[in-house]
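A.B. asks: build me a model:
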Amino acid sequence: MITPPYLKSGAKVGIVSPATTVSATEIEEGLKILKSWNLEPVIGENAHNVYGCFAGTDQERLEDLQKMLDDDTIKAIIFTRGGYGTIKIIDQLDFTNFKKNPKWIVGYSDITVLHSHIHTLEIETIHAVMLQGMPRATPESVASIKTALFGESLSYKIAKSQKNKFSENTVEGTLVGGNLSILFALNGSVSDIDTTGKILFFEDIDEYLYHLDKALIALKRNNKLANLKAILVGAMTNIKEDNLPYGKTDYEIVLDEVKEFDYPVYFDFPCGHQPDNQTLILGRTITITPDGNSVTVTFKN
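C.D. replies: The predicted structure is shown next:
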């Protein structure tokens, strides 16, 4: 995988809204944080547009993102928020210049569309809190974005849990994934990720238990779960029952769908739609090491 250049003090970062609309007030605090890191935000022309629920028309959102992808003075693109909409423009984006001059793509949730598509180009990306969410995220989560962007060391601990399908062996592999519903939507498309021999991360929000099961079954039927090194499950936030009780919890569904495979599964990874939303470098090799009453996840530099 290709690692985009790490940021230096004074770097310009593009601010783009590829999905749901967001006001200038909603990202004001996030912009202050970027400036406190001595970064120079460059806000897309259409970043605060409104077209239904979207931040402008498909063409307006496409033009903003394409401009930032092509501008070599922009060293990272940090998204304002997720929601829905990135999948509507992904096939119209031209990554020709981006492949020649890669830069960090920073976001999560709906931005999983870009993470997955860019991983097919063999380029790393950053899964992290976006500008709208920075005021509600823990200080450690926000600080971890800077840590990743500036090339410092990243590692996290996960407490041992009865939910986990544990292994006493150290596991190493490339980390891929993102929002489970988006991975489900991309399944079988040109933006679909290759999971063979890799460590899969996923999280989700506001979905029904049956949808979680359906998404995992779809991935399994497309051979996405058979040859993994491990699974890391982040926050499963507001996962709901339908009118009829499903009969299993979210973690029981996950374990049931992978029960025939012998790799470990670790729940409660500190990442997803919650205040403790730590930064991940997707496409990066990580190690998962048993450590007493916890496991340590370390990103290789």
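
A.B. asks: drop to CA atoms for contacts and neighbour counts, all remaining ones
C.D. replies: Noted.

A.B. asks: for the residue nearest to residue 206 when sequence neighbours are not counted, grab the count of nearby residues.
C.D. replies: Spatial nearest neighbour of residue 206, excluding adjacent residues (Cα to Cα, 6 or more residues apart in numbering): residue 238 at 4.9 Å. Residues near residue 238, counting by other Cα atoms under 10 Å, number 13.

A.B. asks: if I read this right, residue 238 contacts residue 203, doesn't it?
C.D. replies: No: the pair residue 238 / residue 203 is not scored as a contact, 11.2 Å apart, by Cα atoms under 8 Å.

A.B. asks: if we can go back for a sec, show me what contacts the residue nearest to residue 206?
C.D. replies: Applying Cα atoms under 8 Å, 6 or more residues apart in numbering to residue 238 gives the contacts 205-207.

A.B. asks: columns secondary structure and distance to residue 145 on top of these, output as a markdown table?
C.D. replies: Formatted as a markdown table, these follow (DSSP: H, G, I helix; E, B strand; the rest coil; distance: Cα to Cα, whole Å):
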| residue | secondary structure | distance to residue 145 |
| --- | --- | --- |
| 205 | strand | 21 |
| 206 | coil | 25 |
| 207 | coil | 27 |
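
A.B. asks: of these, closest to residue 220?
C.D. replies: residue 207 (18.9 Å; Cα to Cα).

A.B. asks: quick one, what contacts the nearest residue in space to residue 55 that is not next to it in sequence?
C.D. replies: Closest residue in space to residue 55, ignoring its immediate chain neighbours: residue 21 at 3.8 Å, by Cα to Cα, 6+ apart. With contacts defined as Cα under 8 Å, 6+ apart, the neighbours of residue 21 are 47-51, 53-56.

A.B. asks: now swap in residue 102 and tell me
C.D. replies: Counting by Cα under 8 Å, 6+ apart, residue 102 touches 3-5, 123.

A.B. asks: ok, so of the residues you listed, who is nearest residue 288?
C.D. replies: Distances from residue 288 to the contacts of residue 102, taken as Cα to Cα, are shortest for residue 3 (20.7 Å).

A.B. asks: tell me where the chain has helices.
C.D. replies: Applying DSSP state H to the chain gives helices spanning 28-36, 58-70, 96-100, 112-119, 139-149, 180-186, 209-221, 250-257.

A.B. asks: coming back round to it: can you pick out the most distant pair from the contacts of residue 102?
C.D. replies: Maximum distance among the contacts of residue 102 (Cα to Cα): 11.2 Å, for 5 and 123.

A.B. asks: higher neighbour count, these two?
C.D. replies: More crowded of residue 5 and residue 123, by other Cα under 10 Å: residue 123, with 23 against 15.

A.B. asks: tell me how far that one lies from residue 101.
C.D. replies: 11 Å (Cα to Cα, to the nearest Å).

A.B. asks: what's the overlap in contacts for these two?
C.D. replies: residue 4.

A.B. asks: local confidence estimate at residue 34?
C.D. replies: We have a pLDDT of 98 for residue 34.

A.B. asks: I'd guessed it sits against residue 41; true?
C.D. replies: Yes: in this structure, residue 34 is within contact of residue 41 by Cα under 8 Å, at 7.2 Å.

A.B. asks: what distance do you get for the residue nearest to residue 55 to residue 8?
C.D. replies: 30 Å.

A.B. asks: check residue 42 too.
C.D. replies: 16 Å.

A.B. asks: please apply the same query to residue 109.
C.D. replies: 27 Å.

A.B. asks: the more surrounded of these two?
C.D. replies: residue 109 (26 against 14).

A.B. asks: wait, the more buried one sits on residue 178?
C.D. replies: Yes: contact criterion Cα under 8 Å: residue 109 and residue 178 qualify, at 6.8 Å.

A.B. asks: before we move on, the earlier item: now the contacts of residue 21 in TSV, with pLDDT?
C.D. replies: What follows is the contacts of residue 21, written out as TSV (pLDDT from 0 to 100):
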residue	pLDDT
47	98
48	98
49	98
50	98
51	98
53	98
54	98
55	98
56	98
